[in-house]
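Chemist: Generate coordinates for the sequence data below:
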Amino acid sequence: MTATAASATAVWGRAEQQDFRSRVRGCLLGGAIGDALGAGIEFDSLEDIRTKYGQDGVTDYVPAYGRRGAVTDDTQMTLFTVDGLIRAQVRRDTGAWHPPTDIHRAHLRWAATQHDWGPDERRAEDGWLAREEWLYARRAPGRACLSGLADDVMGTLDRPKNPDSKGCGAIMRSAPFGLLVGWEPQLVFQLAVECAAQTHGHPTGYLAAGAFSVIVHSLARGDDLDSAVQHALRQLATRPGHQETTDALRQALGAVRQGLPSAARVESLGEGWTAEEALAIAVYCALVAEDIRHGLLLAVNHSGDSDSTGAICGNLLGTLHGETALPPGWLAELEGRSTILEIADDFAMEMTQGPALHGPAASSPGWLARYPRA
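Modeler: Numbers count the residues shown, from 1 in each chain. Below is the predicted model of the structure:
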């Protein structure tokens, strides 16, 4: 082992690495489970959901896109966000350190899956994730994501794409930024908002993504959820245009004190189509959750964007409790589970052992084939 690699191992320690990997797995798998629970009822009203599935609504996966446990563009884009973050770390060795560019390139690779026939059309420099055939299924992608990534021009905070869009298409892919536990919260927030502006240019669209990332970041560092929300509120307070997101989070906190959790209380926070509403619903459901199962079912059984609110809530609860708290039956049927585990473990490996994989003193050709520097 090189000195650089040894120091990386010493900084983390075995127990810390295991806890971090569990939280990364929990975040990504939990988000995918929530996504899959909501996928079959995304466009249904609560009344229709109860008519079809009973007064409790859905209590398990229901068919969506021809199968049980199917995920949507929420999970697809989240995985490409992870891919972009790993590639950013790998490219840092070359001196080309600009993570928003690497995230943009990763999301362009996702956008290609929405019109390419399949992985046969991909180049070696696209890496392994872009060759996963199951990711080429089109699962109701958001218009702002498609239009924002329709060309190679990267949106920025100064010149954002879709400046009037505050849909939840940016926040639903932003949990991985929060897993950068070695970063300071303000840097996590900044990276998330810069990357959100690549498709969603309204301040609420990108600030909600930043707030969500800071909440995940706090949970990944071991904070409780209420403290994590307070960290996010402090970050928001310094940003112009924060009021809608701040008000939505405060409304979620207030709803916790209003009585027993219910679908009606969830719907008092909105429908989840916009970023601040999706964040408020997910945070509320995570705060009142008796366990992951209870929280996720509460997060999807409403008249609104059930898959996105389920995904965001799953990211939060999975990060908070780790992978072992996820319901085994839902894991077993989850589409893409092996891919999600693979990239989760790659991310944890990169964050804890990166210098040994591609540092100046050592490099792994296999790793650089999976995550090319190109």
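
Chemist: how many other residues sit next to residue 251?
Modeler: 17 (other CB atoms under 10 Å). C-beta: built from backbone N, CA, C; applies to glycine.

Chemist: List the residues that contact it.
Modeler: Listed by CB atoms under 8 Å, 6 or more residues apart in numbering, the contact set of residue 251 reads 269, 280.

Chemist: and if you look at the one 10 residues further on?
Modeler: For residue 261, the contacting residues are 285, 288, 298, taking CB under 8 Å, 6+ apart as the criterion.

Chemist: Am I right that the second one is in contact with residue 298?
Modeler: Yes. The pair residue 288 / residue 298 is scored as a contact, 7.2 Å apart, by CB atoms under 8 Å.

Chemist: which of these two has more neighbours?
Modeler: The residue with more neighbours, out of residue 288 and residue 298, is residue 298; 25 against 18, by other CB under 10 Å.

Chemist: now residue 144, nearest residue through space, not along the chain?
Modeler: Excluding the flanking residues, the one nearest residue 144 by CB to CB, 6 or more residues apart in numbering is residue 165, at 4.3 Å.

Chemist: what's the distance between that neighbour and residue 206?
Modeler: Distance of residue 165 to residue 206, given as CB to CB, to the nearest Å: 10 Å.

Chemist: what residues are shared contacts of these two?
Modeler: With CB under 8 Å, 6+ apart, residue 165 and residue 206 have common neighbours residue 200.

Chemist: What is the burial count for residue 138?
Modeler: Residue 138, neighbours per other CB under 10 Å, totals 12.

Chemist: Now do the helices in the stretch 201-350 of the chain.
Modeler: For the stretch 201-350 of the chain, the helices defined by DSSP state H, counting those that start in this stretch occupy 203-220, 225-237, 243-256, 263-267, 275-288, 292-300, 306-321, 328-333, 337-358.

Chemist: who wins for proximity to residue 184 among those helices?
Modeler: With CB to CB as the measure, helix 203-220 is the member of those nearest residue 184 (9.2 Å).

Chemist: Now do that closest one against helix 275-288, angle only.
Modeler: Going by axes from the mean of the first three to the mean of the last three CA atoms, to 10 degrees, helix 203-220 is angled at 30 degrees with respect to helix 275-288.

Chemist: From the contact counts, what lies against helix 203-220?
Modeler: Here helix 203-220 touches helix 14-39, helix 175-178, helix 185-196, helix 225-237, helix 243-256, helix 275-288, helix 306-321, going by 3 or more CB pairs under 8 Å, 6 or more residues apart in numbering; DSSP states H and E.

Chemist: hmm, try it at 7 Å
Modeler: helix 175-178, helix 185-196, helix 225-237, helix 243-256, helix 275-288, helix 306-321 (3 or more CB pairs under 7 Å, 6 or more residues apart in numbering; DSSP states H and E).

Chemist: Run the chain-centre distance for it.
Modeler: Centroid separation for helix 203-220 versus its chain: 10 Å, with CA atoms, centre = their mean, to the nearest Å.

Chemist: go on, stretch 40-55?
Modeler: Chain-centre distance of stretch 40-55: 25 Å, with CA atoms, centre = their mean.

Chemist: All further residue positions should be reported with the first residue as 53.
Modeler: Sure, I'll start numbering at 53, so the last one becomes stretch 92-107.

Chemist: in that stretch, what counts as buried?
Modeler: In terms of neighbour count (16 or more other CB atoms under 10 Å), stretch 92-107 has its buried residues at 92, 93, 94, 96, 98, 101, 102, 105.

Chemist: Could you verify my assumption that the second one touches residue 359?
Modeler: Yep, that's residue 93 we're talking about. No. Using CB atoms under 7 Å as the test, residue 93 is too far from residue 359 to be in contact (8.3 Å).

Chemist: ok, back up a step: so the residue nearest to residue 196 lies in a helix, does it not?
Modeler: No. Looking at residue 217 with DSSP: H, G, I helix; E, B strand; the rest coil, it is coil, so not inside a helix.

Chemist: Run through the residues that contact it.
Modeler: Counting by CB atoms under 7 Å, 6 or more residues apart in numbering, residue 217 touches 196, 252, 253, 254, 257.

Chemist: so how far is residue 147 from the first one?
Modeler: If you measure residue 196 against residue 147 using CB to CB, the figure is 33 Å.

Chemist: what's the answer for residue 154, then?
Modeler: 14 Å.

Chemist: Pick out whichever of those two has more residues nearby.
Modeler: Taking other CB under 10 Å, residue 154 and residue 147 do not tie; residue 154 has more neighbours (22 against 6).

Chemist: before we move on, which element is the closest residue to the more buried one other than its chain neighbours in?
Modeler: Once flanking residues are discounted, residue 154 sits nearest to residue 140: 3.9 Å by CB to CB, 6+ apart. When secondary structure is defined using DSSP states H and E, the element that contains residue 140 is helix 125-144.

Chemist: Any of the contacts of residue 217 buried? List them.
Modeler: For these, buried by 16+ other CB under 10 Å: 196, 252, 253, 254, 257.

Chemist: ok, and what's touching stretch 383-397?
Modeler: 73, 76-77, 80-81, 84-85, 88, 113, 119-123, 131, 134-135, 181, 184, 186.
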